[in-house]
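# Got a sequence here, can you build the structure:
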Amino acid sequence: MLDHDSPEFPARDSAPDALALGFDLDLTLADTRAGISAVYAALADETGVAIDTAAVVARIGPPLEEELAYWFPPGEVPAMAARYRAMYADVAVPATVLMPGAAAALEAVRAKGGRTVVVSGKNQADTERTVRFLGLPVDVVVGGFFGADKGVALRRHGVGAYIGDHTGDVDAARAAEAVAVGVATGSFDSAALSAYGADVVLPDLLAFPGWLGEYSGA
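So this is what the prediction gives:
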């Protein structure tokens, strides 16, 4: 079931004692590297601008406009962002696959009677498309937030722990007064996530069910 903070999909407040876990999308639940690389390659072909897609993939996490600013003058960024988003559904989504352990992680939460909330920096429409394409059985989908700004959505849905691969996801958890669970599946390794202040660091989501078994939700 998909739900997000809009009139079409009204938000649902969780009871304070309900188990609710939040997950980032890119490089946490979804391996979007090939898809994102393909969109940037297509953008490079259209514009004639040389784009190092390996560098792009190494920085996945922050808002799209921030990455585009590495390759285009400021005045061109809004148009390039619009073009990127126009291509994303047809180019990137079909190339997206699950991260190892993603399905089992969500099932582990459901087995404990919990709810799962995806909060992503990707825009709302493409976040929903990605979740649907991968068949992720999550309860709430919120897109368009990065870093500490994710805290608003996490608090709204009663999330007690937020799982993500980026230091910005640690900021998100802190903003929501939630447990920050880092997974070293993105551009930050375990040492970097620990040094940044993650409460828990896992090598990947394959280790998540074991951690969840010890998590009290308090």
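# Relative to Met80, how far out is the residue lying farthest from the centre of the chain?
No residue in the chain sits farther from the centre than Gly48, which is 29.8 Å out by CA atoms, centre = their mean. Distance of Gly48 to Met80, given as CB to CB, to the nearest Å: 13 Å. In this view, the C-beta of every residue, glycine as well, is placed from N, C-alpha and C.
# Output the below-cut-off pLDDT ranges for the chain.
1-17, 218 (pLDDT under 70).
# Show me the domain layout of the chain.
Per automatic domain parsing, the domain ranges recorded for the chain read 20-31+96-214, 33-95.
# Can you tell me which of the ones you listed is most buried?
Most buried of those, by mean neighbour count (mean count of other CB atoms under 10 Å): domain 20-31+96-214, with a mean of 21.
# Pull the distance from it to the chain's centre.
Its chain's C-alpha centre and that of domain 20-31+96-214 lie 6 Å apart, by CA atoms, centre = their mean, to the nearest Å.
# when you give positions from now on, start the count at 38
Sure, I'll start counting at 38 from here, so that last one is domain 57-68+133-251.
# quick one: contacts for Thr164?
Counting by CB atoms under 8 Å, 6 or more residues apart in numbering, Thr164 makes contact with 62, 155, 157, 178-181.
# what does Asp202 give?
Contact partners of Asp202, counting by CB under 8 Å, 6+ apart, are 61, 63-65, 98, 219-225.
# could I get those as JSON lines with secondary structure and distance to Thr90?
Listed next are the contacts of Asp202 as JSON lines, based on DSSP: H, G, I helix; E, B strand; the rest coil; distance: CB to CB, whole Å:
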{"residue": "Asp61", "secondary structure": "coil", "distance to Thr90": "21"}
{"residue": "Asp63", "secondary structure": "strand", "distance to Thr90": "15"}
{"residue": "Leu64", "secondary structure": "coil", "distance to Thr90": "15"}
{"residue": "Thr65", "secondary structure": "coil", "distance to Thr90": "21"}
{"residue": "Gly98", "secondary structure": "coil", "distance to Thr90": "16"}
{"residue": "Gly219", "secondary structure": "strand", "distance to Thr90": "25"}
{"residue": "Val220", "secondary structure": "strand", "distance to Thr90": "23"}
{"residue": "Ala221", "secondary structure": "coil", "distance to Thr90": "22"}
{"residue": "Thr222", "secondary structure": "coil", "distance to Thr90": "19"}
{"residue": "Gly223", "secondary structure": "coil", "distance to Thr90": "16"}
{"residue": "Ser224", "secondary structure": "coil", "distance to Thr90": "14"}
{"residue": "Phe225", "secondary structure": "coil", "distance to Thr90": "20"}
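# What is the nearest of those to Arg193?
Here the nearest of the contacts of Asp202 to Arg193, counting by CB to CB, is Asp61; it sits at 16.4 Å.
# residues contacting that closest one?
Applying CB under 8 Å, 6+ apart, the residues near Asp61 are 155-157, 199-203, 206, 209.
# Phi and psi next, for it.
phi -70, psi 170 (degrees, to the nearest 10).
# Look up how far Asp208 lies from Ala228.
In terms of CB to CB, Ala228 sits 18 Å off from Asp208.
# Now do the helices in the chain.
70-84, 90-95, 101-105, 114-128, 139-148, 161-171, 187-193, 204-212, 227-233, 245-251 (DSSP state H).
# who wins for proximity to Leu239 among these?
When the helices of the chain are compared by CB to CB, helix 245-251 sits nearest Leu239, at 6.1 Å.
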